[in-house]
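Asks: the following block contains a protein sequence and its predicted model.
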Amino acid sequence: MDIFECIKGRRSIRAFTSDPVREEDLKKILEAAIYAPSAGNLQSWEFVIVRDKDRKLQLARAALNQTFIAEAPVVIVVCANLARSGRIYGERGRTLYCIQDTAAAIQNILLTAYALGYGTCWVGAFREEDASKILKLPPDVRPVAIIPIGRPAERPAPRPRMPLDKVVHYEVF
């Protein structure tokens, strides 16, 4: 699939079929994630794979009752390893660089899943403390995104985009 087709064709999917995510496809998706760029190549990400129905329901509740999360066959929770990034970069690594690292990995997950015929949604609205407890995360690992993955049961239309001349600035703002 052409990269521009992938970027422009991907949509946030909030309805999934019951078809399973093939194990080899999940591995490809996760491998794409770890090839994302990261500050100092520290790769300050962690991935928690959730298939258990009850745990997915708990995550959906923690995500402000976004129940579609529990309908997906697989959920990837992308986490930032604050300690790994903070070791080299201090506070900026703990509060910014590790978040940037996970964002790059998340985009790779979304695009690879789409290229393989799956739907995803980048869910950032959730109660972080609740998600951490549900996943039994250690103190220096912060959940950044919940990504349900499955075969799409909907085909959303493209969303409008701001024109380049409204968001691009040359030399100075």
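Replies: Good, I have the coordinates. Residues are numbered from 1 along each chain as shown.

Asks: which residue ranges form the strands in this protein?
Replies: 45-50, 74-81, 119-120, 141-150 (DSSP state E).

Asks: deepest of these, which one?
Replies: Neighbour counts (mean count of other Cβ atoms under 10 Å) averaged over each of these peak at strand 119-120, with a mean of 26. In short, each C-beta sits where N, CA and C put it, glycine included.

Asks: who are the packing partners of that one?
Replies: Counting contacts by 3 or more Cβ pairs under 8 Å, 6 or more residues apart in numbering; DSSP states H and E, strand 119-120 is packed against helix 98-115, strand 141-150.

Asks: chain center to it, what's the gap?
Replies: 10 Å (Cα atoms, centre = their mean, to the nearest Å).

Asks: could you dump the strands of the chain to JSON lines with mean pLDDT and distance to residue 100?
Replies: JSON lines is the format used below for the strands of the chain (pLDDT from 0 to 100; distance: least, Cβ to Cβ, whole Å):
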{"stretch": "strand 45-50", "mean pLDDT": "98", "distance to residue 100": "11"}
{"stretch": "strand 74-81", "mean pLDDT": "98", "distance to residue 100": "9"}
{"stretch": "strand 119-120", "mean pLDDT": "98", "distance to residue 100": "20"}
{"stretch": "strand 141-150", "mean pLDDT": "98", "distance to residue 100": "10"}
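
Asks: and of the ones you listed, who's closest to residue 28?
Replies: strand 141-150 (11.7 Å; Cβ to Cβ).

Asks: does residue 127 really touch residue 62, like I thought?
Replies: Yes - using Cβ atoms under 8 Å, residue 127 is in contact with residue 62, at 5.0 Å.

Asks: how about the helices in this protein?
Replies: Along the chain, counting by DSSP state H, helices occupy 3-9, 23-34, 53-62, 68-71, 82-92, 98-115, 128-135, 164-167.

Asks: those: which one's closest to residue 149?
Replies: Of all the helices of the chain, helix 98-115 sits nearest to residue 149, with 5.5 Å by Cβ to Cβ.
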